[in-house]
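J.: output the structure for:
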Amino acid sequence: MNKIFDLIELKELAEEVKKISKKKNIILLFGDLGAGKTTFVREYCQSINIVNQVSSPSFLILNTYYSKNNFQVNHFDLYRVKDIFELETIGFYECLNQSNSINFIEWPEKFISELNKFEDRTLSIYFKFIEDNINQREIKLEV
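T.: Modelled structure (predicted):
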């Protein structure tokens, strides 16, 4: 799916991902800084009644959110992660293997060879700026 979205329309994308994520619980988010990755995660979390406030995990590397029915959302930002040892230290692999959870990963390209091990459970979303319109993004889903 390739589509142009206004940032305020990301709820539609969240609904589409909810359908797909029943089988794919690792969502790789590609895009430049400010492209809408965290905004999308926020929309997804609102759509499943997350009780926590959703924010960027840039400095914490991992934010975890819970819905009222105890569904868990793990939101990673791998931009500052240096190596696989650091992934292990933050419980990355444990999170990916949890049942009743979904994992959103920003900056996955840093560890794509590791993430390819989970290819059967992975959905990739690409956020691209639209020239001359700061409120729109071209978004591509790869199942």
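J.: residues of the helix or strand containing F129 that come out buried?
T.: Using DSSP states H and E, the element containing F129 is strand 122-130. Across strand 122-130, burial judged by 16 or more other CB atoms under 10 Å covers T122, L123, S124, I125, Y126, F127, K128. Any C-beta I mention is one placed from the backbone N, CA and C, and that applies to glycine too.
J.: and these, which is closest to E12?
T.: I125 (13.0 Å; CB to CB).
J.: what separation do you get for that closest one and L78?
T.: Distance, I125 to L78, by CB to CB, to the nearest Å: 15 Å.
J.: cool, L87 as well?
T.: Counting by CB to CB - L87 and L78 are separated by 8 Å.
J.: what sits in contact with each of those two?
T.: When contacts are counted by CB atoms under 8 Å, 6 or more residues apart in numbering, L87 and L78 have F111 as shared neighbours.
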